[in-house]
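Engineer: Using only what follows, build the 3D model:
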Amino acid sequence: MGFRVRKSFKIAPGIRMTVTPKSVGISAGVRGARISANSSGRVTRTVGIPGSGISHTKTLSTGSQQRTSSARARTAAAPPPKPATPGLFAPKWEKALHRALLGRPAFEELAQIGNEFEPARKLAALFEATLVAVPQGNRDRAIELLSWLFSTGYEPATDEFIRKYLPSACFGLPIAEGIDVQVVPDRDFIGLLLAELYQEAGDLPAAVDVVEQLEPSTIAAVSLTELYAAQGNWDEIVDLTEGLQNEDEAVTYLLIQRGMTFREQGYPDAARESFKEALRIRSRPAELRQRALVGRGLTYLSEGKRSMARKNFEKVLAENSNYPGLREHLASFAPDSPESLRQPARQFGVWPAVSGGTVRETLPDGKVAQCLKATSRRTTRTASGRTAGKEPSAHLQPAAPRRRP
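Structural biologist: Residues are numbered from 1 along each chain as shown. Sure, this is the predicted structure:
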């Protein structure tokens, strides 16, 4: 059996002290009522009926809260870790690149650093494209750099420089109307950005070719459905969006694309089911809900159900009276409107703006950053023009910035 050491003695009338190997306790009170506390922070209260053997003990404090609070205070008071910096014996290229990006930011030096130091070439190309060429509207230079990086198979996520000095790096990327995502710098980011630039330049085959090489993901699917829609590849969109449930904003967008596709194929019932699922979650961004309502309204209109179409359009009007083309289209429901405007809409193109008073299935201007994404429009299929993956000429030399027209 185990032995226990415990010593209790009276230090004043009504006050006793108890000493054990692990703690020291003190208690005070009279017969039938006592308060006890020990060095661990535990405080108890005991009340009872003298001589009856009946008593009740309640723990007022266990001491754990105090220890937890103290630990939290120490954690909160701890200074944040200092960002990593190149050591004394770090390579010259590493010091130069760190200085240009983080030390005293000078992005205009990235091209020169990449040209001067071979180990820094891919990193410098990535950051020149994202921090210089794209913001300045120099699309050709951005495509030149990113297409070379993509063709080499470069994976920024495994780059030691990024993992050491930029572990929390993140880029905002609009991949479709109403869908902006935050992505880490990796190969998929390079591909998505390159595809956006190709699409902006009107080279849809090249954009599709890039996205189809990416790892399957919801983000890639959003980009791909928009590209397929611009090419009129309806069957591809149906296959890509099969079996979706409205789990997040990206899937909501895919469901809207699916509904528009079914309408283009002449399946209005299937289209309305897709729009219904897209509208099921009411907490989705207003831009997406309005797009779904307009899509469903146009589906009703293609069936000749003008009253149902008007109901959906007016729901959008109640939320956003400036939705592109909405007022003009609602005016066409008036009895005295021209016959040409009162005909059911039959051909809406590839969800872009359609003239002649028809509601445009695009989002209001200004909702999506335009530095990477042009407004959806019907684009004539062009020759492929895919890059052969050759290294950019005069690689990483500063190019004169060009503004978009």
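Engineer: what about the stretch 1-150 of the chain, any weak spots by pLDDT?
Structural biologist: Confidence mapping of the stretch 1-150 of the chain against pLDDT under 70 gives the ranges 1-14, 17, 19, 21-24, 47-56, 62-81.
Engineer: switch the cut-off to 50
Structural biologist: For the stretch 1-150 of the chain, the stretches with pLDDT under 50 are 1, 3.
Engineer: which residues of it fall in strands?
Structural biologist: Along the stretch 1-150 of the chain, counting by DSSP state E, counting those that start in this stretch, strands occupy 7-12, 15-19, 24-30, 33-38, 43-49, 54-61.
Engineer: in the stretch 151-300 of the chain, which spans are helices?
Structural biologist: Under the criterion DSSP state H, counting those that start in this stretch, helices of the stretch 151-300 of the chain are mapped to 160-165, 187-200, 204-211, 218-231, 234-240, 249-265, 268-278, 286-302.
Engineer: Quick one: these as TSV, columns for mean pLDDT, mean neighbour count and distance to residue 35 too.
Structural biologist: (C-beta placed from N, C-alpha, C; glycine too.) Shown next, in TSV, are those (pLDDT from 0 to 100; neighbours: other Cβ atoms under 10 Å; distance: least, Cβ to Cβ, whole Å):
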stretch	mean pLDDT	mean neighbour count	distance to residue 35
helix 160-165	92	15	57
helix 187-200	93	24	64
helix 204-211	94	22	72
helix 218-231	90	23	61
helix 234-240	94	17	71
helix 249-265	93	24	58
helix 268-278	96	20	63
helix 286-302	92	24	60
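Engineer: how about the ones you listed, which one is nearest residue 138?
Structural biologist: The closest of these to residue 138 is helix 187-200. By Cβ to Cβ, the value is 10.5 Å.
Engineer: Can you spell out which helices and strands pack onto the closest one?
Structural biologist: If contacts are counted by 3 or more Cβ pairs under 8 Å, 6 or more residues apart in numbering; DSSP states H and E, helix 187-200 sits against helix 139-152, strand 171-176, helix 204-211, helix 218-231.
Engineer: a markdown table please, covering these and showing distance to residue 94.
Structural biologist: Shown next, in a markdown table, are the helices and strands packed on helix 187-200 (distance: least, Cβ to Cβ, whole Å):
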| stretch | distance to residue 94 |
| --- | --- |
| helix 139-152 | 19 |
| strand 171-176 | 22 |
| helix 204-211 | 30 |
| helix 218-231 | 31 |
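Engineer: now residue 134, nearest residue through space, not along the chain?
Structural biologist: Nearest residue to residue 134 in three dimensions, chain neighbours excluded: residue 142, at 5.0 Å (Cβ to Cβ, 6 or more residues apart in numbering).
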